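*Asks:* take this sequence and fold it.
(one chain, ligands or ions: 1)
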Amino acid sequence: MSYLQTNRVQLAGIIVLAGLLLTLAVFQYNWLGQLAERERESMGRTLGWATHVTRREFDGELADLYRGFQVYYGEEESFPEQIAARYSERIATIEGPDILDRIYWVQLDEESGLVLQEFTGVSLATLDEWPDEIAQLKSQFAGQLRNNEVQFQLPVGPAPLQDDIPALVIQQLFTRPPRTLGEYRSISWIIATLHRDVIVEQLIPALSAEYIYGEGNFDYNVGVTKADDPTSLVYSSDPALTAASFANPDAERTMFALRIWHLDQRVRTNRRIWGVVEESVEPKWQLVVKHQAGSLEAAVTTARNRSLALSLGVFVLLGGAIAMIVVSTRRAQQLAAQQMEFVAGISHELRTPLAVIRAAGENLADEVVHDPEKTRQYGELINKEGRRLSNMVERVLLFAKMRSGTLQFEQVPVDLLETIDDAIASNGAWIDERSVTVVKEIPGALPEIIGDPAALSSVLQNLISNAVKYSRRGGTVTVQARTVNADQDLQIAIHDQGDGIPGNEIPHLFEPFFRGKRARAAQIQGSGLGLSVVKRVVEAHGGHIEVVSTLGAGSTFLVQLPVGGSEREDAR
Ligand code: ADP
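*Replies:* Purely as a prediction, here's the structure:
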């Protein structure tokens, strides 16, 4: 498969993968949305059920009490006996703290008006004064008494649910219709007062723990407000909350009500019982439940967003991984292509000097040349081309050693003037070929620097050969050297009058195997290794290299080396 075909297959693969990733992301998004919707519904249902049961149990407690103290006119037992019997029945069956506080018995009496007695647990004791807690009810009984003075009508009494006290007012029932005015007036009531703190601190928390939190709804706040005044908070699971915190609850149920199905069997089934409490006794309180996140909707949305963020993270990670694989594959391909080019470049570079040497050698061997001057020229030619070959082999070996990390640099004094001269001489073949003039602008004496002679020589050879190779035919290459930084550093500048280097190539110049577009197009011999070797040698000597280039005007490579050399011993 050709390189182009491989690229197309890869591109198609990437597009398919990206498409697949996108499709999965869309599915995931929709699926999470549906899941959140279902979750919201299910949470709503669970909460609805939990509040329903909580309310049923709470109202059941009230109904138990109400039913337990419903006394009947016309029974064999007297009222006090009935009350005592019901009381001991309750004491025997009740589990845990009782919400019942005190029991009072209110009778209408023809002579003295209202008679109030309190049940002491054994018998009834008459009270002269109405205790404060139920004093507010007195006028309501008294009002009834006046209204019914002459009418054959059952006095009604105060409402059965008194949540302010709190208390239940339980009307006595008749098993047959009252007939005489006396019977009508014999009506009595039981007032059962309730422990508010037991209701608020024990009953409601216990019920919410069992039915609301017990359903796994741990993130909810439970509150109870007054039904006719939602700003009045009776109970809150979190004392820091106010009634306003429970506005727009996730679930609400009326409570503190009497419901007919909770009442006495006789009351429910026998329509001929008189004085039955109405079924629709208005609920006094409202049970409100709200998610701590603000609302159930908000909680589900937050959870959904969290899942979405997580999925997005996974997709980004996947996408990133794919992108990285693609990038590294492309890099590997590029490297492979560069290495192929390198092999081709080296072979090409070897070919010319080898051909020249072979031709000269053949001519000498065939004794075609007899003139000593010509023989000398042939010798010089073989020498120059041989040096070109040696330079190239040295450069490749240096590169290979650097790559494998086995290169050790010497630390000996190096005469830079001599090294520059050698470098110019070793590039003789190139200089002749391009008809370039090399000018040295160097002060009479330069300090010796500490370093590796062979490696430093390779630096100068490379830079000078590049300057000559990429010069215009007949141009001038200038080699300057001077000390800088108070003689601490030595600066060498190699300037040519070539075409310069495009800005986009400059960052890649020192990468191994990199060859400029123009160098490749003009088929200028080279391997793309020179500058990478130069940079590593210069840096291993504690120096640095820079390039300044103007398109159409030429380039200058600036090398700065510390005179004292580097402490570093190897190129790594
Ligand atoms: P090469 O063997 O190709 O010369 P180098 O590593 O020495 O490899 O140089 C890398 C590339 O940098 C060259 O292919 C060329 O494009 C560019 N280059 C280096 N020196 C010069 C210069 N003096 N003028 C213009 N381009 C240069």
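
*Asks:* pLDDT on the host helix or strand of residue 460, on average?
*Replies:* Under the criterion DSSP states H and E, the helix or strand holding residue 460 is helix 453-469. In this model, helix 453-469 has a mean pLDDT of 93.

*Asks:* again, but for stretch 245-258
*Replies:* Mean pLDDT, stretch 245-258: 94.

*Asks:* now the following helix or strand past the helix holding residue 460 against helix 453-469, angle please.
*Replies:* Later in the chain than helix 453-469, the nearest helix or strand by DSSP H and E is strand 476-484. Orientation check (axes from the mean of the first three to the mean of the last three CA atoms, to 10 degrees): strand 476-484 against helix 453-469 gives 140 degrees.

*Asks:* and residue 236, backbone torsions?
*Replies:* Here is the backbone geometry of residue 236 (degrees, to the nearest 10): phi -140, psi 130.

*Asks:* residues in contact with it?
*Replies:* 221, 222, 223, 224, 245, 246 (CB atoms under 8 Å, 6 or more residues apart in numbering). Bear in mind the C-beta positions are built from the backbone N, C-alpha and C, glycine included.

*Asks:* what's the neighbour count on the residue of the stretch 151-300 of the chain found nearest the ligand?
*Replies:* Proximity to the ligand, evaluated over the stretch 151-300 of the chain using CB to the nearest ligand atom, is greatest for residue 300 at 61.9 Å. Using other CB atoms under 10 Å, residue 300 has 22 neighbouring residues.

*Asks:* burial count for residue 328?
*Replies:* Residue 328, neighbours per other CB under 10 Å, totals 10.

*Asks:* er, residue 366 actually
*Replies:* 8.

*Asks:* how close does it get to residue 354?
*Replies:* For residue 366, the distance to residue 354 equals 18 Å [CB to CB, to the nearest Å].

*Asks:* secondary structure element holding the residue of the stretch 151-300 of the chain closest to the ligand?
*Replies:* Short version, using DSSP H and E: residue 300 is in helix 296-365.

*Asks:* re the thing from before, and which of the contacts of residue 236 is nearest to residue 391?
*Replies:* Closest approach to residue 391 among the contacts of residue 236 (CB to CB): residue 221, at 84.6 Å.

*Asks:* packing partners of the helix holding residue 300?
*Replies:* helix 3-68, helix 372-404 (3 or more CB pairs under 8 Å, 6 or more residues apart in numbering; DSSP states H and E).

*Asks:* how far does the helix or strand following the last one sit from its chain's centre?
*Replies:* It stands for helix 372-404. The C-terminal neighbour of helix 372-404 among helices and strands, as given by DSSP H and E, is strand 412-414. What separates the centre of strand 412-414 from the centre of its chain is 59 Å, taken as CA atoms, centre = their mean, to the nearest Å.

*Asks:* sheet partners, orientation included, of strand 412-414?
*Replies:* Sheet pairing for strand 412-414, assigned by DSSP bridges, gives strand 449-451 (antiparallel).

*Asks:* name the residues that touch the partner strand?
*Replies:* With CB under 8 Å, 6+ apart, strand 449-451 has contacts from 409-414, 416, 456, 490, 541, 561-566.
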